[in-house]
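Student: Got a predicted structure plus its sequence, pasted below:
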Amino acid sequence: MTAPVAIVTGGAGGMGTAIATALLADGFRVALLDRRGAKEAADQFTGEVLGVEADVTDEASVQAAVEQVEATWGRVDALVNNAGIEPPHTVADLDLATWQATLQVNLTGPVLLMKHCVPLWRRQGGGRVVSIGSRVWLGGGWTPAYSASKAGLVGLTRVACRELGPLGVTVNVVAPSFVHTAFNAQKADPEFLDDYTGRFAAASPLGRLVEPADVANTVAFLVSDRARNITGEVIHVAAGTQLAPAIR
Ligand SMILES: NC(=O)c1ccc[n+]([C@@H]2O[C@H](COP(=O)([O-])OP(=O)(O)OC[C@H]3O[C@@H](n4cnc5c(N)ncnc54)[C@H](O)[C@@H]3O)[C@@H](O)[C@H]2O)c1
């Protein structure tokens, strides 16, 4: 049997690396798509991993990336929309460029990737989409554009699962809570983060934080045949904090 192929956007980041590791263990060939460091990230793996430098906000770049994966392996079985940014801002100090940049990476990127994979899914008779959302879509966060983009991903998923279902494509969201990756480390000083992680764990009924592997294992399930009848769904990987108020 031919090994399935996955594209993981934001593949050079913390969660992307964990997702690639889980998918490789399940027999996937993995294309790590990132705007920077994709090739270096791919070099860290053994197995069939391709580093693809691309910007998910740029349609020509997305199209070229999907074509590169198709030219290399001939198919795309799973698309994991994982690239994401959260530049800090508030409603009161909003600068439009920040709002647009956040929506472009977190929401426009996923729909562009889906669009350019559709011809392959039509030919193959199916596929899988998993987009990495966030618990903030439900419980609220602190960054307007980020929360709006993650809520938007749920809306996009619920439309896309109807349109692409007849092609045999499932479309779902995995919504994590706070996970220790560069995503957060870049935004706050280590002392604050230490304190914050303690408060976050305390808000969990399980008393602990989510780890990248928890998210990756859920993605691996959703792209597997075991999840063939799950679509249009949001799975929170949040250690029970999905309904907790915003934690600061
Ligand atoms: N870390 C958390 O606490 C947390 C919690 C909930 C959800 N998430 C979501 O998980 C996903 C992955 O986050 P992470 O923690 O691995 O962050 P990360 O910063 O480690 O990785 C994100 C990756 O996305 C890439 N990227 C950004 N803009 C891009 C673009 N235009 N084109 C291509 N690649 C681009 C970055 O280069 C980076 O490698 C994001 O969607 C994030 O919103 C993270």
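Tutor: Here it is on my side, so go on. Computed from a predicted structure; not experimentally measured.

Student: can you give me the strands in the protein?
Tutor: Along the chain, counting by DSSP state E, strands occupy 5-9, 29-34, 49-53, 78-81, 127-132, 169-176, 234-237.

Student: Residue 120 - how many residues pack around it?
Tutor: Residues near residue 120, counting by other C-beta atoms under 10 Å, number 18. For every residue, glycine as well, the C-beta is placed using N, CA and C.

Student: Mind putting the strands of the chain into CSV with mean neighbour count, mean pLDDT and distance to residue 225?
Tutor: Below are the strands of the chain laid out as CSV (neighbours: other C-beta atoms under 10 Å; pLDDT from 0 to 100; distance: least, C-beta to C-beta, whole Å):
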stretch, mean neighbour count, mean pLDDT, distance to residue 225
strand 5-9, 29, 99, 14
strand 29-34, 28, 98, 17
strand 49-53, 20, 98, 22
strand 78-81, 29, 99, 11
strand 127-132, 27, 98, 10
strand 169-176, 25, 98, 11
strand 234-237, 20, 98, 17
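
Student: so where's the longest helix in the chain?
Tutor: helix 144-164 (DSSP state H).

Student: give me every residue that touches residue 78.
Tutor: Contacts here follow C-beta atoms under 8 Å, 6 or more residues apart in numbering; on that basis residue 78 touches 4-7, 23, 28, 127-130, 223.

Student: Repeat the analysis, applying 10 Å as the threshold.
Tutor: For residue 78, the set of contacting residues under the criterion of C-beta atoms under 10 Å, 6 or more residues apart in numbering consists of 4-8, 19, 23, 26, 28, 30, 117, 127-130, 170, 219-220, 222-224.

Student: Can you redo the strands of the chain as JSON lines, where the extra columns are distance to residue 107?
Tutor: Shown next, in JSON lines, are the strands of the chain (distance: least, C-beta to C-beta, whole Å):
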{"stretch": "strand 5-9", "distance to residue 107": "12"}
{"stretch": "strand 29-34", "distance to residue 107": "17"}
{"stretch": "strand 49-53", "distance to residue 107": "21"}
{"stretch": "strand 78-81", "distance to residue 107": "9"}
{"stretch": "strand 127-132", "distance to residue 107": "9"}
{"stretch": "strand 169-176", "distance to residue 107": "12"}
{"stretch": "strand 234-237", "distance to residue 107": "15"}
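
Student: phi, psi of the residue nearest the centre of the chain?
Tutor: Closest residue to the average C-alpha location of the chain: residue 82 at 2.0 Å, with C-alpha atoms, centre = their mean. With angles defined as degrees, to the nearest 10, residue 82 shows backbone torsions of phi -120, psi -20.

Student: for the one 5 residues further on, same thing?
Tutor: Here the main-chain torsion angles of residue 87 (degrees, to the nearest 10) amount to phi -70, psi 130.

Student: so what's it scoring on pLDDT?
Tutor: In the predicted model, residue 87 carries a pLDDT score of 96.

Student: ok, and the closest non-adjacent residue to it?
Tutor: Residue nearest to residue 87 in three dimensions, not counting chain neighbours: residue 98, with 5.1 Å by C-beta to C-beta, 6 or more residues apart in numbering.

Student: close to the ligand, is stretch 105-119?
Tutor: Yes - judged by C-beta under 6 Å from any ligand atom, stretch 105-119 comes into contact with the ligand at residue 105.

Student: Return the distance of that stretch from the chain's centre.
Tutor: 12 Å (C-alpha atoms, centre = their mean, to the nearest Å).

Student: Against which helices or strands is the helix or strand bottoming out on mean pLDDT in the chain packed?
Tutor: Ranked by mean pLDDT, DSSP states H and E, the weakest helix or strand in the chain is helix 182-185, scoring a mean of 82. Identification of packing neighbours for helix 182-185 by 3 or more C-beta pairs under 10 Å, 6 or more residues apart in numbering; DSSP states H and E yields helix 14-25, helix 190-203.
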